[in-house]
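> predicted structure and sequence below. I'll ask about it afterward.
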Amino acid sequence: MKIRHYLVAATAVLGAATAVSVPVVGADPVQGPPQVAGGIEGVRQFTVSWLAPTSGSPTSYTAKISGPGDPSPSVFTSVTSPFLVTTDQSAALKNGTSYSVTICAEYPTLGQVRNGHLAAHTVNTEVCANPFFAQTYPVPPPPINVSAVPGDRRAVLSWTPGVVDAVRHGAVRSHGAVAITYKATAQPGGKTCTYTAQVAQPRGPQPHQAQPQCTLTGLTNGVQYSATVVETDRVGASLASDATTFVPFGRPAAATGLGATPTTTSLAVHWNAAANNGRAVRQYVVTATPGSHSCTVGSIPNLVRHPRVPNLATTCTLSGLMPGTMYHLSVVATNQAGAGAAATASATTLSTAGSATVGPFTNDGQTLSPALLAKISAAAHQLATLGVTSASVVGYTDGYGTASSNQALSLSRANAVAAALQADLKALGHAHVALMTKGAGATNFIGGNPANPNNRRVIISWK
């Protein structure tokens, strides 16, 4: 049997009052502490619960709660289990904070005997359980591993939640699904996109089912952006993630200023550089129709192994073309995004067909004056430029004289011009040009007038 000693007031039958200590056998069991069941986290709140002591009958319970740095605990009297601690009781409650909680049982005692008299009031005895910690939900940590895949005036952002354990960061506490929202923001311009994850009530660590991502649109190609992501759950918003940078890009614009310098069998094509639209131009391809003629500047290398791009030339030569032919030209620029729009133009190769007249000669003469030699030299340069491989040299006379003398004179003139022309072609590196001479006599009069002195001439012609 347990014995509790109480001080009681005894009134002496005779004489003065005397204070005595009276042992009371079996009057009251041992006064025990509450049985603490623990705390349940909440958003800027938590709930603590307990059971009655295994012995004793307390008249009330008191909760003593203190947070980090508190000079003294907050005391809540006459509380009942479960006890919800909110900002109504303690405005200092913060998310993500551990609080020390002590639950005490209050027991009454009998009054004390003083000078032989029983005091009019009683004194409560407080028996406390061991302190335990209750924690409010923390705000979610910022997302990590933020990355961007840029595209044409857009970028796809993806990231990893800062904590995949939804229990730990308190994103989900109620029954059923709860939304966690992510918001990405890009600067300059403040463009945003969002992603919402429906997370079910977890019973343990639960990673997100899909990789969170969203697409930023309305961006400007060629501009460097910096983007961050913020996670928001029912507790609140995280800090912004570390920033990721990217440059949106698209296919190049069409080149401008397309043109060509012709020869009889080639076109030296030139153009102005295409606007790259955010990524360097890696290749130009020039084509010509009719036919399947093309030339290329640059290449499309492996982007990882060859990240740097040299400045590309803006000219190339189409060879093997037909003389005197109009060709439709196209130039297309290509960058990492793909091939851009084509720039188009037309150009015509030089015709090899042509002629040059050397004359007039003096009457009955075949001597080459400086003026005639200058005309022969000009014809030689033209033949060399055109790449002509053969030409005919035909001499003529006026209508005076006999047919035989005119025939002989016209051939002499043709031979003289051919000899000078061959010498000029050799000096130009075109000695391989075959020259065929002929005397046509008194024929092919200019304007049908045999007396015209300009009939005394030699005509160089080629095809």
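Received, thanks.

> so for stretch 74-82, mean pLDDT?
In this model, stretch 74-82 has a mean pLDDT of 88.

> contact partners of it?
With contact meaning C-beta atoms under 8 Å, 6 or more residues apart in numbering, stretch 74-82 is reached by 37, 40, 47-51, 60-66, 83, 85, 89-90. C-beta here means a position set from N, CA and C on the backbone, and glycine is covered the same way.

> so which of these belong to strands?
Residues of the contacts of stretch 74-82 located in strands (DSSP state E): 37, 40, 47-51, 60-66, 83, 85.

> before we move on, the earlier item: and the contacts of stretch 74-82, which are buried?
47-50, 61-66, 83, 85, 89-90 (16 or more other C-beta atoms under 10 Å).

> adding distance to residue 131, write those out as a markdown table.
Output for the buried ones among the contacts of stretch 74-82, formatted as a markdown table (distance: C-beta to C-beta, whole Å):
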| residue | distance to residue 131 |
| --- | --- |
| 47 | 17 |
| 48 | 11 |
| 49 | 15 |
| 50 | 13 |
| 61 | 15 |
| 62 | 13 |
| 63 | 11 |
| 64 | 8 |
| 65 | 10 |
| 66 | 9 |
| 83 | 15 |
| 85 | 14 |
| 89 | 18 |
| 90 | 16 |
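
> in stretch 68-84, which residues are buried?
For stretch 68-84, using 16+ other C-beta under 10 Å, the buried residues are 73, 79, 81, 83.

> could I get the CA-only coordinates of it as PDB?
In PDB, the C-alpha atoms belonging to stretch 68-84 read as follows (Å, rounded to 0.1, in the frame of the first residue of the first chain):
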ATOM      1  CA  PRO A  68      14.700  28.500 -31.200                       C
ATOM      2  CA  GLY A  69      15.900  31.600 -29.500                       C
ATOM      3  CA  ASP A  70      12.800  32.000 -27.300                       C
ATOM      4  CA  PRO A  71      13.900  33.400 -23.900                       C
ATOM      5  CA  SER A  72      11.100  31.600 -22.100                       C
ATOM      6  CA  PRO A  73       8.400  29.100 -23.200                       C
ATOM      7  CA  SER A  74       4.800  30.100 -24.000                       C
ATOM      8  CA  VAL A  75       2.500  28.500 -21.400                       C
ATOM      9  CA  PHE A  76      -1.000  27.400 -22.300                       C
ATOM     10  CA  THR A  77      -3.200  26.300 -19.300                       C
ATOM     11  CA  SER A  78      -6.300  24.200 -19.100                       C
ATOM     12  CA  VAL A  79      -5.600  22.600 -22.500                       C
ATOM     13  CA  THR A  80      -7.200  19.400 -23.700                       C
ATOM     14  CA  SER A  81      -5.900  16.700 -26.000                       C
ATOM     15  CA  PRO A  82      -5.500  17.100 -29.000                       C
ATOM     16  CA  PHE A  83      -4.200  20.600 -28.700                       C
ATOM     17  CA  LEU A  84      -3.800  22.600 -31.900                       C
END
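
> pLDDT (mean, whole number) over the helix or strand harbouring residue 106?
Per DSSP states H and E, residue 106 falls inside strand 98-108. If you average the pLDDT over strand 98-108, you get 89.

> hey, what's the angle from that strand to strand 60-66? Just curious.
Orientation check (axes from the mean of the first three to the mean of the last three C-alpha atoms, to 10 degrees): strand 98-108 against strand 60-66 gives 150 degrees.

> strand 98-108 pairs with which strands, parallel or anti?
strand 60-66 (antiparallel), strand 124-128 (antiparallel), strand 132-135 (antiparallel) (DSSP bridges).

> next one: the first one to chain centre, how far?
For strand 60-66, the separation from the chain centroid amounts to 57 Å (computed by C-alpha atoms, centre = their mean, to the nearest Å).

> and residue 395, how many neighbours?
Taking other C-beta atoms under 10 Å as the criterion, the count of residues near residue 395 is 30.

> also residue 224?
11.

> alright, that wraps it up for me.
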